[in-house]
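Chemist: this is the structure alone, sequence omitted:
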């Protein structure tokens, strides 16, 4: 199966929404959507309407924008997340709540792991306490809209929600890898980890606004690429497209971004990332 990835489609913008119809069909391929497709269930529906005829499978994980509570009566926190999961499942889109499938990619089978992990303000210098991170960012004139729009209900804080998600997800990955262990060779499958936020602090680099890192992930996942033998770790959120190797894992930031952050003249095809997977490292 061929695998492609993109994130931060922000289809609330007409230019981004219209661009999806310019993607050419890829029969037999899967598309990873690494969050921030939009702010409402209707935005997800619009994206799926455009993308499902073009790919055999879609994989989705939420970004912070999807979890915003916008408008009167909007669901919040866990309830909003569960609403989006139900929508995806009704469309046959793989979510972080579904069993992690084993997909054949090239000559190897990989455990496909969409994640919802959030952040906990631990992406910051060591001399800044997590409880002081938002104030530290404010000193540079920064404040994320999540502070008003991303409610953690029923958790007491976004950090508590993040901790619960990390613990739950780590247990599920370990169990899924064990269940998929090769009975003859005894080898556990490598993984493809998918999360909206980068898994490592060193990847949360925004040169123009470096202190925005506090809303970009959690130190709880610093070793997940080695702990779960990831061949690739896919993320978005930063709107800074990069690809780099760390410890034998390829970290792919695959965001499109707001209309001003990508070149319409190049077309959206230029921003669709083919996921290339190298051979496993020698033990």
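Modeler: Cool, the structure landed. This structure is a prediction, so every number in the text was calculated from the model and none was measured. Numbering: from 1, shown residues only.
Chemist: and residue 242, bridged to which residues?
Modeler: Beta-bridge pairing for residue 242 (DSSP bridges): residue 253.
Chemist: ok, now how distant is it from residue 217?
Modeler: 15 Å (Cβ to Cβ, to the nearest Å). C-beta coordinates here come from the backbone N, C-alpha and C atoms, glycine included.
Chemist: between these two, who's got more neighbours?
Modeler: Remark: of residue 242 and residue 217, residue 217 carries more neighbours, 28 against 14, as counted by other Cβ atoms under 10 Å.
Chemist: now do the contacts for residue 236.
Modeler: 7-8, 34-36, 63, 196, 253-255 (Cβ atoms under 8 Å, 6 or more residues apart in numbering).
Chemist: again, but for residue 151
Modeler: Residue 151 sits in contact with 69, 76-77, where contact means Cβ under 8 Å, 6+ apart.
Chemist: quickly find the element holding the residue lying closest to residue 187 once chain neighbours are set aside.
Modeler: Among residues not flanking residue 187 along the chain, residue 181 sits closest, at 7.0 Å (Cβ to Cβ, 6 or more residues apart in numbering). Of the helices and strands defined by DSSP states H and E, none includes residue 181.
Chemist: find me the pLDDT at residue 181, would you?
Modeler: In this model, residue 181 is scored at 88, pLDDT.
Chemist: equivalent analysis for residue 281, please.
Modeler: 65.
Chemist: straight-line length of stretch 148-161, end to end?
Modeler: Here the two ends of stretch 148-161 are set 16 Å apart, with distance taken as Cα to Cα, to the nearest Å.
Chemist: in the chain, which spans are strands?
Modeler: Taking DSSP state E, the strands of the chain run over residues 2-6, 26-33, 55-60, 102-105, 108-114, 190-194, 230-235, 242-246, 249-253, 273-274.
Chemist: closest one to residue 177 among those strands?
Modeler: For residue 177, the closest of the strands of the chain is strand 108-114, at 6.1 Å, according to Cβ to Cβ.
Chemist: what segments of the stretch 101-250 of the chain are helices?
Modeler: Ranges of helices within the stretch 101-250 of the chain are 133-138, 146-149, 158-179, 224-227, based on DSSP state H, counting those that start in this stretch.
Chemist: the lowest-mean-pLDDT helix or strand in the chain: partners in the sheet, and parallel or antiparallel?
Modeler: Of all helical and strand segments in the chain, the minimum by mean pLDDT, DSSP states H and E falls on strand 102-105, at a mean of 94. Using DSSP bridges, strand 102-105 pairs in its sheet with strand 108-114 (antiparallel).
Chemist: so which bits of the strand it pairs with are buried?
Modeler: 110-114 (16 or more other Cβ atoms under 10 Å).
Chemist: not counting its neighbours along the chain, what's nearest residue 143?
Modeler: With Cβ to Cβ, 6+ apart, the residue lying closest to residue 143 is residue 137, at 6.8 Å.
Chemist: wait, isn't that neighbour in contact with residue 212?
Modeler: Yes. Here residue 137 reaches residue 212: they are 6.7 Å apart, a contact under Cβ atoms under 8 Å.
Chemist: quick one: common contacting residues for those two?
Modeler: In contact with both residue 137 and residue 212: residue 144, using Cβ under 8 Å, 6+ apart.
Chemist: of these two, who's got more company?
Modeler: Shown here are residue 137 and residue 212; by other Cβ under 10 Å, residue 137 has more neighbours (23 against 19).
Chemist: and residue 87, how far is that from residue 195?
Modeler: Going from residue 87 to residue 195 by Cβ to Cβ gives 20 Å.
Chemist: which one's more surrounded, these two?
Modeler: Just comparing residue 87 and residue 195: by other Cβ under 10 Å the higher neighbour count belongs to residue 195, 30 against 17.
Chemist: grab the nearest non-local neighbour of the more buried one.
Modeler: Residue 195 sits nearest to residue 115 (Cβ to Cβ, 6+ apart), 4.2 Å away.
Chemist: quick one, what contacts the one you found?
Modeler: 61, 96, 165, 169, 193-195.
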